[in-house]
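J.: Sequence and predicted structure, then a few things I'm wondering about:
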Amino acid sequence: MDVIEAIRTRRATRAFTAAEIPAPALQALIALAVEAPSAINLQPWLFAVAHRRETLRHIAEASKAHLLARMEPGSPFLRFRELLQEPGFDMFYGAPALVVICATSAEQQAAEDCALAAQTLMLAARAQGLATCCIGLARPWLNQPDGRALLDIPPASVPVLPIVLGEAAADPPPPGRRPPAIRWIDPPG
């Protein structure tokens, strides 16, 4: 699959098969992710990987409990309360692997650089027939001491983007896209 097709067909997948992803395949995807651009070539990223089902279940349940225990009026997570309270809800959707991209620098652009690495990882995964989904709901717990310890995230690093990946149980339909809003300063001829 070429990069244009990967861009056009990559979707946030919320149903995965039970097929495992071998560690060398995960390493290869991460090796592609670090090809992403970064400001002043800082490369401020660390990749914490979990690929044991028990570990993923633990992280998902701990993340749900953490969000529910700290949900306050006005929280952006309030709209997920009912879903998070469902005992069978798996915020990782049965995916066999989790890659948490962490910023290793306090530089202002480090989080953006991690986002570029995340997009590169997701497009590389799609090009290899794998599916991905960013799981922002897991980030608050992953930034807690228990989450950081479980994934061996050093004190100076900050979890930015948790991404699950695996084989899609089915390809989600493409969501509609609005036309881009463009403000031409100097309109093309």
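T.: It's in.

J.: For the worst-scoring helix or strand of the chain on mean pLDDT, which helices and strands make contact with it?
T.: None of the helices or strands of the chain scores lower by mean pLDDT, DSSP states H and E than helix 3-9, at a mean of 86. When contacts are defined as 3 or more C-beta pairs under 8 Å, 6 or more residues apart in numbering; DSSP states H and E, helix 3-9 packs onto helix 110-127. C-beta coordinates here come from the backbone N, C-alpha and C atoms, glycine included.

J.: ok, then the element right after the helix it packs on?
T.: strand 131-134 (DSSP states H and E).

J.: How many residues are close by Ile59?
T.: Ile59 is flanked by 24 other residues according to other C-beta atoms under 10 Å.

J.: Only alpha carbons, please: show the least confident helix or strand of the chain as PDB.
T.: Taking C-alpha atoms only, helix 3-9 is exported to PDB below (Å, rounded to 0.1, in the frame of the first residue of the first chain):
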ATOM      1  CA  VAL A   3       1.400   6.400   1.500                       C
ATOM      2  CA  ILE A   4      -1.600   8.100  -0.100                       C
ATOM      3  CA  GLU A   5      -3.800   5.000   0.300                       C
ATOM      4  CA  ALA A   6      -2.600   4.600   3.900                       C
ATOM      5  CA  ILE A   7      -3.600   8.200   4.600                       C
ATOM      6  CA  ARG A   8      -7.000   7.800   2.900                       C
ATOM      7  CA  THR A   9      -7.800   4.500   4.500                       C
END
